[in-house]
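> Below is the structure, and that's it, no one-letter string:
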Ligand code: NI
């Protein structure tokens, strides 16, 4: 089992930074991805981007089945992901984020996206996602560009959520 990272929460500056492309998928990067998956599973998340563990490279992990039963999880690893097509049809879903604990809001995004990325072995892949998977992929790619789901809300709502998170995280014991 890999050692999990500490998850960074708002309003940390690293969450607003743009991550840099990865030049090579090697064992060092695979170790990072393994640790990210472990971090995501322990936190009961379905997606986690590198910014959220204080690393500024373009990597995210996702496992839509992980929430309920991690034994059956099949993690997806994406390196240098790029959206190459978006559907005109929109989709509205409630989103949350491990960096914004216990806060949820409706976000509108394209219902389907097609993504080009490098997988765990560094092979180029192209894949289409819809509904929850599409929201998740777009949410994680946003992270790599320093964008959070609360950035789509009004400033009032956004600031309220950040204050709530600050209150929650202040009372958490440091482990
Ligand atoms: Ni997130």
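Right, received. Where do you want to start? All values reported here derive from a predicted model rather than from experimental measurement. Residues are numbered from 1 along each chain as shown.
> So what are the sheet partners of the longest strand seen in the chain and their directions?
Longest strand in the chain by number of residues (criterion: DSSP state E): strand 76-86. Next to strand 76-86 in the sheet, as set by DSSP bridges, lie strand 59-62 (antiparallel), strand 112-118 (antiparallel).
> Give me the spatial nearest neighbour of residue 39, chain neighbours excluded.
residue 4 (4.1 Å; Cβ to Cβ, 6 or more residues apart in numbering). Backbone N, C-alpha and C define where each C-beta goes, glycine included.
> What separation do you get for that neighbour and residue 38?
5 Å (Cβ to Cβ, to the nearest Å).
> Just want to know which of the two has more residues nearby.
residue 38 (19 against 16; other Cβ atoms under 10 Å).
> ok, the more buried one - contacts?
1-4 (Cβ atoms under 8 Å, 6 or more residues apart in numbering).
> Local confidence estimate at the residue nearest to residue 39?
On pLDDT, residue 4 comes in at 93.
> same deal with residue 175?
54.
> I figured residue 48 hits residue 61, correct?
Yes - assessed by Cβ atoms under 8 Å, residue 48 is found in contact with residue 61 at 5.4 Å.
> list the residues that contact both of those two?
By Cβ under 8 Å, 6+ apart, the residues touching both residue 48 and residue 61 are 36-37, 40.
> Now do the residue nearest to residue 39 against residue 17, distance only.
21 Å.
> swap in residue 86?
24 Å.
> Equivalent analysis for residue 122, please.
Distance from residue 122 to residue 17, counting by Cβ to Cβ: 24 Å.
> just residue 156 next, same as before
Distance of residue 156 to residue 17, computed by Cβ to Cβ: 25 Å.
> And the two? Which one has more around it.
residue 17 (15 against 8).
> The more buried one - nearest residue in space that isn't next to it in sequence?
Residue 17's closest residue in space is residue 146 (Cβ to Cβ, 6+ apart), at 5.2 Å.
> my guess is that neighbour contacts residue 12, does it?
No - counting by Cβ under 8 Å, residue 146 does not reach residue 12; the two are 11.3 Å apart.
> More neighbours: which of these two?
When residue 146 and residue 12 are compared for neighbours, residue 146 comes out ahead with 16 against 13, by other Cβ under 10 Å.
> where does this structure dip in pLDDT?
Applying pLDDT under 70 to the chain picks out residues 66-72, 173-175.
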